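> The following block contains a protein sequence and its predicted model.
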Amino acid sequence: MKNQTRRKFLSSTALMATSLPTATLAGTPPTKPLIHHVFFWLKNPSSKDDLAKLIAGLQTLKKIETIRAIHIGIPAKTEPRPVVDSSYSVSEVLFLDDLAGQKTYQDHPIHKKFVADCSPLWEKILVYDSVDV
């Protein structure tokens, strides 16, 4: 610390500290956002009622506090290509802060009620969970 004033030292260490992720300062790895993408295939894909019930059930998930954003959709009528699978009935994409938020979502009473009420409607689901790289 030769020729360094206390003020310069404190300001340089404060700058370094603010550029680090907060979780690293606490001794734990930083958290990464988690994307939870689910595809649903209805047992009766031609049933408008079943489709409406599933979408209404998915809408209830918005009330879960760890969900930052939600997208509920049906297959887009894009140009058919070998890499596109549009065989599903409905999809949902949830944006969560981290793995802990996803765990809260999975265990939440609203999610459990959704599964209990709507699982008889689907014949298959696929889930893709991903985190930022």
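Yep, that arrived. Numbering: from 1, shown residues only.
> Count the residues that sit near residue 41.
15 (other Cβ atoms under 10 Å). C-beta here means a position set from N, CA and C on the backbone, and glycine is covered the same way.
> SS state for the closest residue to it other than its chain neighbours?
Using Cβ to Cβ, 6 or more residues apart in numbering and skipping residues adjacent in sequence, the residue nearest residue 41 is residue 124, 4.2 Å away. Classification of residue 124 using DSSP: H, G, I helix; E, B strand; the rest coil returns strand.
> Is it correct that residue 124 is in contact with residue 42?
No: using Cβ atoms under 8 Å, residue 124 is not in contact with residue 42; the gap is 9.1 Å.
> low pLDDT regions in the chain?
Along the chain, the model assigns pLDDT under 70 to residues 1-29.
> again, only this time at 80
1-30 (pLDDT under 80).
> the strands in the protein, which residues?
34-42, 67-73, 90-96, 122-131 (DSSP state E).
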